[in-house]
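1. predicted model, plus sequence, below.
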Amino acid sequence: MSKRVFIGLNNIANVGLSLKSGFEDLGIIADFYTTEKILHKYDYSEKLNVKINRINQNFDIIFSPDECGGYFIEKYITYYFPVEDIGGEKPIIQTATKIKSLRIVHAPSNEQYKGSKHIYDAIDNLKNRYEFEFIKLQNLSKDDLIEEILKCDLVIDQMLVGFYGILTVEAMLLSKPVVCYIKDDIWSKIEKDCPIYNANPDNLVNVLEKILQNPSELIKRGEVSRNYALDYHSPKRLPKKCWKF
């Protein structure tokens, strides 16, 4: 049995191999196509809906990067981009009850894209009323970034994009709760199971304030976050979910 699988990112070598192996475990031969591989076939100057319609018509299973997921045909789409487990069998978990103040990190690859200004404004609003440490992480190697995330209690990802990306998934795999903005049409589909603190520029202060008032909640939220990431983002588990379609 052969299925045509579209993965909407170029840099997926390791994840693609894991996905392929997962499909083969189910007896499915998966032919993979990425954006780079089909550029010659699809005119990328066309409007978004035309491109997406062509992808919908030509592929059996679609892995969509981030916010594009909401535009594909629902019965074919998984909204979750797969990421290899970086936490190991027993990820390090720093509990909020054992430290003097919470350690909150923000790791913007692009401050404008991530809406970092809104995050900094919210932090400034709260820092005189609550005791916590806020750290901006930039220009770090992957290993150093993971090490810093392991030492934190909460990750704030982005406030403008409308869906979560690989940083959020990696943080959840490390048992770290995440705050980020997920737009309503997607949130309505994942809210039941998703442990992310959904916030936007208008309510970010209130969301963070509730977290700062109840830090012990972060322990359980971190555990649930890791389980969610493993369930929805593991390349070995996703083929079984796709097969249900």
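-> Now that the structure is in, tell me what you want to look at.
2. how is the chain partitioned into domains?
-> 2-79, 96-232 (automatic domain parsing).
3. the helix or strand Gly222 falls within: which residues count as buried?
-> Gly222 is part of helix 217-233 when elements are defined by DSSP states H and E. Neighbour counts over helix 217-233 (16 or more other CB atoms under 10 Å) mark Leu218, Ile219, Arg221, Gly222, Val224, Ser225, Arg226, Tyr228, Ala229, Tyr232, His233 as buried. Where you see a C-beta, it was placed from the backbone N, CA and C, and this is true even at glycine.
4. any idea which of the domains of the chain scores lowest on pLDDT?
-> Note on these: domain 2-79 shows the lowest mean pLDDT, a mean of 57.
5. correct me, but Lys127 touches Phe134?
-> Yes: with contact defined as CB atoms under 8 Å, Lys127 reaches Phe134; the gap is 7.1 Å.
6. which residue ranges of this structure form strands?
-> 2-7, 29-34, 61-63, 77-78, 102-106, 132-136, 154-156, 178-180, 197-198 (DSSP state E).
7. pairing partners for the last one, with directions?
-> For strand 197-198, the pairing partners within the sheet under DSSP bridges are strand 178-180 (parallel).
8. still on that earlier bit, show me what the helix holding Gly222 is packed up against.
-> Secondary-structure packing of helix 217-233 (3 or more CB pairs under 8 Å, 6 or more residues apart in numbering; DSSP states H and E): helix 166-173.
9. kindly export the helix it packs on (C-alpha atoms) in CSV.
-> Taking Å, rounded to 0.1, in the frame of the first residue of the first chain, the C-alpha atoms of helix 166-173 are listed here in CSV:
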residue,chain,number,x,y,z
ILE,A,166,9.1,23.8,16.9
LEU,A,167,10.4,25.9,19.9
THR,A,168,7.1,25.2,21.7
VAL,A,169,7.2,21.5,20.9
GLU,A,170,10.8,21.2,22.1
ALA,A,171,10.0,23.0,25.3
MET,A,172,7.0,20.7,26.0
LEU,A,173,9.2,17.7,25.3
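10. helices or strands up against it?
-> Judged by 3+ CB pairs under 8 Å, 6+ apart, the packing partners of helix 166-173 are helix 142-150, strand 154-156, strand 178-180, helix 217-233.
11. before we move on, back to that, the more surrounded of Lys127 and Phe134?
-> Phe134 (19 against 12; other CB atoms under 10 Å).
12. show me the contacts for that one.
-> Ile104, Val105, His106, Ile123, Lys127 (CB atoms under 8 Å, 6 or more residues apart in numbering).
13. Glu147 and Leu140, how far apart?
-> Separation of Glu147 from Leu140 (CB to CB, to the nearest Å): 9 Å.
14. and what of Thr168?
-> 17 Å.
15. of the two, which one has the most company?
-> Thr168 (25 against 13).
16. tell me the contacts of that one?
-> Val155, Asp157, Val178, Cys180, Ile196.
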